[in-house]
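Undergrad: Attaching a predicted model along with its sequence, questions to come.
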Amino acid sequence: MAHEPRLTAALRELLASQRVAALGTLDETGAPFVSMVPFAVLPLAGELVIHVSGLAAHTRNLQRQPRASLMVCQAEVAGEPVHALPRVTLDVNALPCEPGSAAHGAAREAYLTRFPEAEPMTALGDFRFLRLVPGGARQVAGFGAARSIDADELRQALGPAP
């Protein structure tokens, strides 16, 4: 069995245990806009996938400017300190999955495996899958445990477990 560094394993666990992220996009004036999005991991591609409505502001923002920021954070525990919560902020590029393509099929399967209740939404005409291709990230795995991650290492962390 291959060895996986401790921080990479912590990142893999964070992304597996959390199902929602904060997506930061830029609106038509260049102002930042943050929204909540459910996400799934595409391990064979080392990417993430979201399912968005064409009516949503973040979707329009991504169509204009596909570069975005995605933050995944461990949930707060009541009464516990929050400053060292494990989290990662990813620099991503959003790419559409064309219906009928292999990428669309993989995105749909990964998303519905994680969110089976969303299956009826996949039939709605204004919803689409977007692949979030990571370009790098900043991980905080706890107090004093932070690092920058390049795209190659991030794809490894998003990929199949060793």
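TA: Arrived safely, thanks for sending. Residues are numbered from 1 along each chain as shown.
Undergrad: From now on I want contacts and neighbour counts done on CA atoms only, so please keep to that.
TA: Will do.
Undergrad: now I50, which residues is it bridged with?
TA: Taking DSSP bridges as the rule, I50 bridges to L130.
Undergrad: ok, now V20?
TA: Residues in beta-bridge contact with V20 (DSSP bridges): P38.
Undergrad: roughly how far apart are it and G100?
TA: In this view, V20 and G100 are 26 Å apart by C-alpha to C-alpha, to the nearest Å.
Undergrad: now swap in V82 and tell me
TA: V82 is 43 Å from G100, by C-alpha to C-alpha.
Undergrad: re the thing from before, would you mind telling me which of V20 and G100 has the busier surroundings?
TA: Higher neighbour count among V20 and G100: V20, with 18 against 8, using other C-alpha atoms under 10 Å.
Undergrad: Could you check the pLDDT of A161?
TA: In this model, A161 is scored at 79, pLDDT.
Undergrad: Make sure it is indeed in a helix.
TA: No: the assignment for A161 (DSSP: H, G, I helix; E, B strand; the rest coil) gives coil, which keeps it out of a helix.
Undergrad: neighbours around it, how many?
TA: 11.
Undergrad: How about F127?
TA: For F127, using other C-alpha under 10 Å, the count is 16.
Undergrad: Quick check, it in contact with A118.
TA: No: under the criterion of C-alpha atoms under 8 Å, F127 makes no contact with A118, lying 10.9 Å away.
Undergrad: By mean pLDDT, which helix or strand of the protein comes out lowest?
TA: helix 151-158 (a mean of 89; mean pLDDT, DSSP states H and E).
Undergrad: Just give me how far that helix sits from the chain centre.
TA: How far helix 151-158 lies from its chain's middle: 13 Å, per C-alpha atoms, centre = their mean, to the nearest Å.
Undergrad: Which positions within that helix qualify as buried?
TA: 151, 154-158 (16 or more other C-alpha atoms under 10 Å).
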